[in-house]
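In: Next come a sequence and a model predicted from it.
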Amino acid sequence: MRYAETIKSLGAPVLAIAIALAFGALLIEVAGFSSVEAYSEMWTGIFGSMRNFSEVLLKATPLILIGAGLAISFRSGVWNIGAEGQFYAGGMVAAVVALQMEGVNAWISIPVILIAASLAGAFWGGIAGFLRARYGASEIVTTIMLNYVAIILTSYLVTGPLMEAQGLFPQSDRFPQETQLPRILSGTRLNIGIYIAIIAAIVSWYIISQSRRGFSMRAVGASPDAARYAGINVNKNIIYSISYSGALAGLAASIELIGVTKRLFQTISPGYGFEGIAVALLANNNPLGAIFSGALFGALRSGAEIMQIGAGVPSVLIFIIQGLVIISVITLGTIRAYRKLRPED
Amino acid sequence: MEDFSLYVPLITVLAATWRMATPIIFAAIGAMFSEKAGVLNIGLEGIMLIGAFSGFAAAVHGAPIFVAFVFALLVGAVAGAIFGYLTVYLKTNQIVVGAAFNLLGLGITGFLYRVGDFGSSGIKISNPISIPFLADIPFVGPILFQHTPMVYLTLPLVFMAFFVLYRTAYGLNLRAAGDYPNALAAAGQSVNLHRFSAVVLGCSIVSVGGAFLTLSYTNQFVEGIVSGRGFMALAVIVFGRWTPLGIFGASLLFGLFFALQLFLQTISDAAIPYQAFQAMPYVLTIVVLVLVGGRSNAPKFLTVPFQR
């Protein structure tokens, strides 16, 4: 019975992806390219070689983390649009800490960086949670504002206090070798970050669907008034859920920085925080599903780069596909809900 | 820095203030219509990009500036109709659709810009119009009376918004759709139709705000040219407490910060990092939200679909 339900729940996301890809193909054709060639280049970009596939997983890592965190936030009825800012907050702290780790054993330095960045992300999200709980300030607006504040702070750091010693580019010095996240596949950049992301998604799933805390969070998301009536502390759960999603965004940033970029600079995120919203929604706000939707969006992003090189189709196409996936998913969801409501069905 | 006069830079900064505020005024006034009716659109960034691109594309293909603005307005209306249909009639989540529109705006404009042929020389943008006599007044002249037409147009726009919202039956119904939808429905009016029309009207104005960037500000389309102004417009609405005049004032304040940080970037040994002014509008918006207690003046049914 549950098995059948699972299969059924996969229907809408798969259909949504199909609709988005079909529309993308149409656009490609209208623009005068071959959609078959474009998509087969994309396929090569994803599965063509071990190296390509490792890049997919590398791009999927932050998306899985952010998507899993946002899933919990959305399930709790908290509209955290600020994962981008929480990612930057985590990135700044990760950089500050990493730069101090010269000569420190990797067994100490790496966990310290990961934890510090998670706390920074949790704090940045927590601000918006606190302002909503204490003053009723809409978290939709405050998280968007905090995105900009974090991005601007990063810009200040890399052009000011943290600017590299050479003073050439707006970026920090290279992090010491001790902070390098262990690689798991020789000849590629793939690191243990992907394991961390998958574990974090599983833990998130456990928290939201199996634990007492998760039950309270879901109750708050379903109906704050009913939850309050049942003796659940609504404000506390709002702050917990947004801080939790912030922590995962911060963690994602630290993995990206010590695993891939090795420096702090102005554009450490190519929009991961916003893409994470799509990841969570495609997964129907289930953290386990975020593993797959995160991998899918990572694949699209990575494959689109190869598509651009091979078939000449601009890689910005993936933003259209992402937008269409979101709209298709929620439209299909609405239609399904409507059908359920009709008595004759 | 010894004999560095502040007079000229002061004029430059203040003259830039209104100009910088103009796209934000258009976007915020447009989005205000939609929010007043109960529909929150966080996809302003995407709609503005679509407006910036469509206006630019029309101008490149020979349309006079005025026609290019009208084209952007129409494309914005179409985008608004899609947004309105999804959120008002299908009752999908407004925040989610808004997030999708931001991605779509970025993707569609970037894609079309790269596959199309738009030359590299840019377009001929509208010239500033000096108001006779007034423009020659020292200090005040260059700040207030030497702007492009769209900048002056923000004044009638704000007046029009005020008039429509508070002096017409349509405006009354529109506000009721956001504050008392059940009362509106009881009065025999369609809540959904009022919301839908407010979204379409709003998105058209937002789109014109985007077109200002390519038709009156720079002469080129650049991917991501809107760079946060759509989100800033959301902040301006909160800051201006959902009133046309408040929005106008808040936009000017944000425009001032914008102009100041641009000016500071040109000074190498500035005492204050330019990022301080960059961050100011966002920090102030949060402060205002806290001070006014968040939702006190927001439409009561903002983001809530109408269920009979």
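Out: Thanks, I have the structure now. It should be emphasised that the depicted structure is a prediction, and the values quoted were computed from it without experimental measurement.
In: Next, count neighbours for residue 19.
Out: Using chain A. Residues contacting residue A:19 under the criterion other C-beta atoms under 10 Å in any protein chain shown number 18. Quick note: C-beta positions are derived from backbone N, CA and C, even for glycine.
In: Not quite, go with chain B.
Out: 20.
In: likewise the one 10 residues further on?
Out: Here the neighbour count serves as a burial measure; for residue B:29 (other C-beta under 10 Å) it reads 28.
In: what helix or strand does it sit in?
Out: helix B:7-36 (DSSP states H and E).
In: Can you name every helix or strand that that helix contacts?
Out: helix B:44-60, helix B:140-144, strand B:146-147, helix B:149-167, helix B:169-179, helix B:191-212, helix B:229-239, helix B:244-265 (3 or more C-beta pairs under 8 Å, 6 or more residues apart in numbering or on different chains; DSSP states H and E).
In: mind redoing it with 7 Å?
Out: On a contact count with 3 or more C-beta pairs under 7 Å, 6 or more residues apart in numbering or on different chains; DSSP states H and E, helix B:7-36 meets helix B:44-60, helix B:140-144, helix B:149-167, helix B:169-179, helix B:191-212, helix B:229-239, helix B:244-265.
In: What are the buried residues along it?
Out: B:11-36 (16 or more other C-beta atoms under 10 Å in any protein chain shown).
In: Residue A:190: what's its closest spatial neighbour, skipping adjacent residues?
Out: Closest residue to residue A:190 apart from its sequence neighbours, by C-beta to C-beta, 6 or more residues apart in numbering or on different chains: residue A:54 at 4.0 Å.
In: isn't the one you found right next to residue A:185, touching?
Out: Yes - assessed by C-beta atoms under 7 Å, residue A:54 is found in contact with residue A:185 at 5.5 Å.
In: Between the two, tell me which one has more neighbours.
Out: A direct count of neighbours by other C-beta under 10 Å for residue A:54 and residue A:185 places residue A:54 higher, at 20 against 14.
In: tell me which residues of the helix or strand containing that one are tucked away?
Out: Assessed by DSSP H and E, residue A:54 sits inside helix A:50-75. The neighbour-count check on helix A:50-75 (16+ other C-beta under 10 Å) flags A:52-75 as buried.
In: I'd like to check the angle between the helix or strand following it and helix A:50-75, please.
Out: Elements were assigned by DSSP H and E; along the chain past helix A:50-75, the next helix or strand is helix A:83-98. Relative orientation of helix A:83-98 and helix A:50-75, computed by axes from the mean of the first three to the mean of the last three C-alpha atoms, to 10 degrees: 120 degrees.
In: what's the neighbour count on the closest residue to chain A within chain B?
Out: When scored by C-beta to the nearest C-beta, chain B has residue B:107 as its residue closest to chain A, at 3.0 Å. Applying other C-beta under 10 Å, we find 25 residues neighbouring residue B:107.
In: ditto for the one 4 residues further on
Out: Neighbour count of residue B:111, defined by other C-beta under 10 Å: 23.
In: roughly how far apart are it and residue A:208?
Out: With the distance defined as C-beta to C-beta, to the nearest Å, residue B:111 ends up 36 Å from residue A:208.
In: What parts of the stretch 51-200 of chain A come near chain B?
Out: The stretch 51-200 of chain A has residues A:79, A:81, A:131, A:135-138, A:140-142, A:144-145, A:148-149, A:152, A:155-156, A:160 near chain B, with proximity defined as C-beta under 7 Å from any C-beta of the partner chain.
In: quick one, phi psi at residue B:129?
Out: phi -110, psi 120 (degrees, to the nearest 10).
In: Just give me the neighbour total for the residue nearest to it when sequence neighbours are not counted.
Out: Using C-beta to C-beta, 6+ apart and skipping residues adjacent in sequence, the residue nearest residue B:129 is residue B:149, 6.2 Å away. When neighbours are defined as other C-beta under 10 Å, residue B:149 has 14 of them.
In: Residue B:149 and residue B:164, how far apart?
Out: Per C-beta to C-beta, residue B:149 is found 21 Å from residue B:164.
In: Could you do residue A:194 as well?
Out: Residue A:194 is 54 Å from residue B:164, where distance means C-beta to C-beta.
In: which one of those two has more residues nearby?
Out: Neighbours were counted for residue A:194 and for residue B:164 using other C-beta under 10 Å; residue A:194 has more, 24 against 15.
In: and chain B, which residues reach chain A?
Out: Chain B comes close to chain A at residues B:42, B:86, B:90-93, B:95-97, B:99-100, B:102-104, B:106-108, B:110-111, B:114-115, B:228, B:231, B:234-235, B:238, B:273, B:275, B:278-279, B:282-283, B:285-286, B:289-290, B:293-295, as judged by C-beta under 7 Å from any C-beta.
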